[in-house]
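> could you work out the structure for the sequence below:
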Amino acid sequence: MFDFIKGETCEHCGHKIAADSRFCPGCGKPVVRDPVCPLCRNTDEKDAVFCRKCGTLLTQK
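As a prediction, the model looks like this:
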């Protein structure tokens, strides 16, 4: 059974996305998630480079 994140759907096709998915099962495009700060675990906007809470550099996979 897949663990779905409440309300998370593919921004390209609208298909439901499982919490551990890296690619959409509906269209195959990469899943883009908001970055999480490695230091304070704050969630920032997709285009953020630095954490708005603690200033740590964010890295995305």
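> okay, now the domains of this protein?
Using automatic domain parsing, the domain parsing of the chain gives 1-30, 34-61.
> mind listing what's buried in the last one?
The one in question is domain 34-61. Pro35, Cys37, Asn42, Asp44, Cys51, Leu58 (16 or more other CB atoms under 10 Å). For glycine as for every other residue, the C-beta is placed from the backbone atoms N, C-alpha and C.
> dump those to JSON lines, plus pLDDT.
Shown next, in JSON lines, are the buried residues of domain 34-61 (pLDDT from 0 to 100):
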{"residue": "Pro35", "pLDDT": "86"}
{"residue": "Cys37", "pLDDT": "91"}
{"residue": "Asn42", "pLDDT": "92"}
{"residue": "Asp44", "pLDDT": "87"}
{"residue": "Cys51", "pLDDT": "94"}
{"residue": "Leu58", "pLDDT": "89"}
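> from those residues, which ones fall inside helices?
Using DSSP state H to define helices, no part of these is located there.
> show the end-to-end separation of stretch 15-22, please.
One end of stretch 15-22 sits 13 Å from the other (CA to CA, to the nearest Å).
> dihedrals phi and psi, the residue nearest the centre of the chain?
The residue lying closest to the centre of the chain (CA atoms, centre = their mean) is Arg33, at 1.4 Å. When quoted as degrees, to the nearest 10, the phi and psi of Arg33 stand at phi -110, psi 160.
> weakest of the domains of the chain by average pLDDT?
Averaged per stretch, pLDDT over the domains of the chain is lowest on domain 1-30, reaching a mean of 81.
> just the buried positions in that one, please.
For domain 1-30, burial by neighbour count (16+ other CB under 10 Å) applies to Cys10, Ile17, Ser21, Cys24.
> determine which two of the residues you listed are furthest apart.
Cys10 and Ser21 (9.2 Å; CB to CB).
> mutual contacts of these two, please.
Common neighbours of Cys10 and Ser21, using CB atoms under 8 Å, 6 or more residues apart in numbering, are Val31.
> roughly how far does the nearest residue to Pro30 once chain neighbours are set aside sit from Ile17?
Residue nearest to Pro30 in three dimensions, not counting chain neighbours: Phe23, with 5.7 Å by CB to CB, 6 or more residues apart in numbering. From Phe23 across to Ile17, the span is 9 Å (CB to CB, to the nearest Å).
> that's all I had, so thanks and see you.
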